[in-house]
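> model the structure of this input:
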Amino acid sequence: MVGDGYGSFPLDPDNLARLDRFQHRTVATFATARICELYQNDVIKIALAQPFLMHIILTLTATHDRYLSITPENAKRSMVEAYHWSKGAALLNQKLSSPILPQDRDALWATAAMLGITSVTSIEASNPREAWPLKPYDPNDLDWLDMSQGKEAIWNVSDPLRPDSIFHAMASEYRALNDSPRLYAIMSERGSEIVFRAENIPVRFFKACRWCRRQKMRCDARNQVPCFRCRSTGRDCILDPIEDNRRRNERRRKTTTPARGSAVTSPLDQRSGFHTPASRDQDYSPVAGQDTSFDTSIDSFPESSLGRVRRSQTADHHGHGHESQQLSPNDMIAPVSAVHSMSVNLLGTDEIFMEHSSNGDPRGDIVVRGIVSEEQARVMYERFTGGSKNFLPVFDPIRDTFDSIRSRSLFCFTVIIYLASRAVVDLRSDTHMQRVLQDEAQRLAEDSFFERPTKLETVQGMILLAAYSEKTWFSTALILRTALDSGLEKSLDKLLSQENLPRSSLSASMADRQLVWQVRTWLISFTLELDVASGTGRKSRIGEVDIMKLRKFLDYPLSLPCDMRTVCIIELHQLRGHSRIILDSAGTVQDIVSTELPAIMTRLQNWWATWDEIHCNNGFHSGAFQRSSLKLMVTYARIFVLCASLARIQKLQPANSESEITDQNVLNLWQSLVTTIMDQLAFLINWPSYRCQLPWAPTYPALTIAFVTTFALRIARWRPNWIDQDLLLDRAEKICDFLKQPPYPDIHRTVSIFVNYARALIASQRPQSNDSTEGPNVSEQGDGHVPSYRGPDSPMQNAPPLGPLDDHRYRPGTALPSDKDPSMATIPGSDAAATTRPPLPRLPDTMEAPNWTMSNSIADSFGLFEEGQNDIFDFLPMMPSLP
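Numbering: from 1, shown residues only. I've put the predicted structure just below:
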């Protein structure tokens, strides 16, 4: 959220992407090296609190985007440009109409400077003949020159060269610009004449960027900025000006350099900003001997971090440094892409475990400030950690107590209390407290992004925020970036390479425990990324992990039983990924049905049998959450594989195929899919050990339940004779009620729209007579079996046996306990009441319809996917519709 006293607006994913492009691309096209660095770091920080400046930044970036793909169709100014330009200008005018505050002066000058750039560059033309001076005369052609007078007025008001301005350090740059070739506009009655007068030699720059020069590598920054290496690693590409020997020696002799300051010391000044390790090197940015509030070098560090940086630089100079492992911003789909560069690896530092924050909030935490009482906070903490550990066992039960987390990380502590206020049923009605806690968590999250070194608790807090957000898909990139910057991806190999393993938990050292905490946090980050990749139909950004390494981690003396769930989830995700590759490479329908699909189902069955036995040997009851979760996961994996098979068959099978064998195989797959889906729904209803934990479920488990439910309703609408509609509606209605428990109102609302509309639609399509023979004949064989139907158009009528799908290896009814399992607790009014319900309501004229048209994906109904992404159910709308 960007805001001040005059207004605010949220940074949605599109605006965050534009802010990321401004920082890494656009700013390098209009600024010198040092001014570019200032805009990339300090100006963006100011813009987070000044809406008028943020609007102009987004305007300039949108204009640049349009120029990079200019065509006659988009030559005119886009709606995005017009909106942000008008909003920025209006807010700037409002700011100038009131007394100018000291903290607003830098933002005013930055806005004026970029408004001048925007007015000059915003040309609505796709070729030179459509632009001035080649275009037909228009009296407004040179209105952009009037911006110079406005900039001069704001220059006088803001005084960017004052000692406490962020632009004060750029005084030499401004003087160089004033002495460089000037542009004189001489207006006359007959037209305009532009004369260039070179009065000084322009500033020269190195041919290679700062990082490539440091590595002594060839650089192409002269042709493109950022250069190839900086772009691929996500670094800031900085071209330094060439200084003569007199100036360089004079600068090196200085012990302090007058630079920018701030009227109030901001925590932003201590967070290392957007700088990369390369931009902080002593070779190019001398570090002051001490840190003062006003007379400080622009590249100085807080004293607490100076020693760490010097140590890391010394290690690097001796050959012990390593390449910072980062993800390119182009490869990230980030929720806050503007802070990608904030998460940097300080060249090998491993001090990510800080017992006390060096940048603690002087106002205290939420308990000290009276937002939540200590007694209530303790209860909320215990309830959240006790409930969420089944889904996300990210915390150590011995180390991560209420007092420990509270003393180590205000951010992580506040996130836990905030999420508890949403999940605890007794507290959901207190929306005011939730809003206050949410704002506090957001503020601390912004502060945590700048902390160096990155604390493990920061990664854990971001995992919780992302996992319990309704739109998780935009958050995982930031978690991965922060985890990689902290070096967590190396923790597993480091742990397994130990020569002297601790004999037990009692003999383990603190270093051993810290390593296990790192591994656990990294693996949970990995599972979150795999969940999102699976849900959006894309490949994971992280490479596969050797399953044997994961199993060895479980044998480590300090691993916990809860780690088994994390490892088995990773293994199942990788198994599903392999299965999809195999199915997508199959050449014929017969290969899929006879060879590949049975083998995949066998592997899934082996996965479930292996992990169920492991959990059983560790003392987990057959009805425990962990073992019931295994059954739900393997059933959903079967649905995933069957859907992938049908999608592949659709591409292989000709549209007018007349092969009865092929059609029967496809029909058998559909029948198995319907059976598996109904098994999944029945399992969710009849197993209380899983159902009672739903209030603590992260987004992905809640979404999988919603996906399966709505997908079944789509099948019932598309082929009503393939599924028992009454039984399905009864189960879907119960599951919709269950989804009220997790704090995901949008997901529940979407499912409820599907259920209510489907019930009314089915009722409206049936005749008024109660003894109609067109309704389904409900099977008495129990849940999970597809009933037979009467009717001339039923494709299931007198259907032959399922053939290869009857094999026990991939018929879900035999792989898992049936619905009659004695360990299941049947809830009151379950499926047995489906045939005795009152008549279905008719379809009203004003009922809200779900987004399930044949041209839209099921994912669109939830609004959780980015443009171009798809889910595994997308093949359904492409299937032929009823005549």
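> only C-alpha atoms from now on, for both contacts and neighbour counts.
Fine.
> so where do the strands sit in the chain?
Assigned by DSSP state E, the strands in the chain fall at 2-4, 7-9, 182-188, 191-197.
> check Tyr67 and give its pLDDT.
Listed pLDDT for Tyr67 reads 78.
> the one 5 residues further on too?
In this model, Pro72 is scored at 68, pLDDT.
> so where's the stretch 451-600 of the chain uncertain?
451-453, 470-475, 477 (pLDDT under 70).
> now do Gly150 against Gln664, distance only.
Going from Gly150 to Gln664 by CA to CA, to the nearest Å gives 76 Å.
> okay, now Lys675: neighbour count?
One thing to correct before we go on: residue 675 is Thr, not Lys. Thr675: 22 surrounding residues under other CA atoms under 10 Å.
> show the pLDDT at it.
The model's pLDDT for Thr675 equals 92.
> now do the one 5 residues further on
Predicted confidence (pLDDT) at Gln680: the value is 91.
> my guess is it meets Val634, correct?
No: checked against CA atoms under 8 Å, the pair Gln680 and Val634 is beyond contact range at 9.8 Å.
> what is in contact with these two at once?
Common contacts of Gln680 and Val634 (CA atoms under 8 Å, 6 or more residues apart in numbering): none found.
> ok, Asn756 to Ala62 distance?
Distance from Asn756 to Ala62, by CA to CA: 42 Å.
> those two: who's more crowded?
Ala62 (24 against 19).
> residues contacting that one?
Counted by CA under 8 Å, 6+ apart, Ala62 has contacts 18, 80-81.
> what about the closest residue to Thr118 other than its chain neighbours, distance to Asn606?
Spatial nearest neighbour of Thr118, excluding adjacent residues (CA to CA, 6 or more residues apart in numbering): Leu60 at 5.8 Å. From Leu60 across to Asn606, the span is 56 Å (CA to CA).
> neighbour-wise, which of those two wins?
Higher neighbour count among Leu60 and Asn606: Leu60, with 24 against 14, using other CA under 10 Å.
> who's in contact with the more buried one?
Contacts of Leu60 by CA under 8 Å, 6+ apart are 81, 114, 117-118.
> what do you get if the cut-off is 10 Å, keeping everything else the same?
18, 22, 26-27, 81, 84-85, 114-115, 117-119, 121-122 (CA atoms under 10 Å, 6 or more residues apart in numbering).
> how many other residues sit next to Leu597?
22.
> if you could redo that for Glu733, that was the one I meant.
19.
> how much space separates it from Ser628?
21 Å.
> same check, this time on Gln664
33 Å.
> have a look at these two and say which one is more surrounded.
Ser628 (20 against 16).
> give me the pLDDT for the residue nearest to that one when sequence neighbours are not counted.
Closest residue to Ser628 apart from its sequence neighbours, by CA to CA, 6+ apart: Tyr690 at 6.5 Å. Listed pLDDT for Tyr690 reads 88.
> all the helices of the stretch 401-550 of the chain, in order from the start?
402-408, 410-423, 431-449, 456-467, 476-485, 491-496, 510-536, 547-555 (DSSP state H, counting those that start in this stretch).
> so which of the ones you listed is nearest Ala716?
Comparing the helices of the stretch 401-550 of the chain against Ala716 with CA to CA, the closest turns out to be helix 510-536 (22.5 Å).
> kindly report the domain assignment for this structure.
2-179, 343-555, 563-878 (automatic domain parsing).
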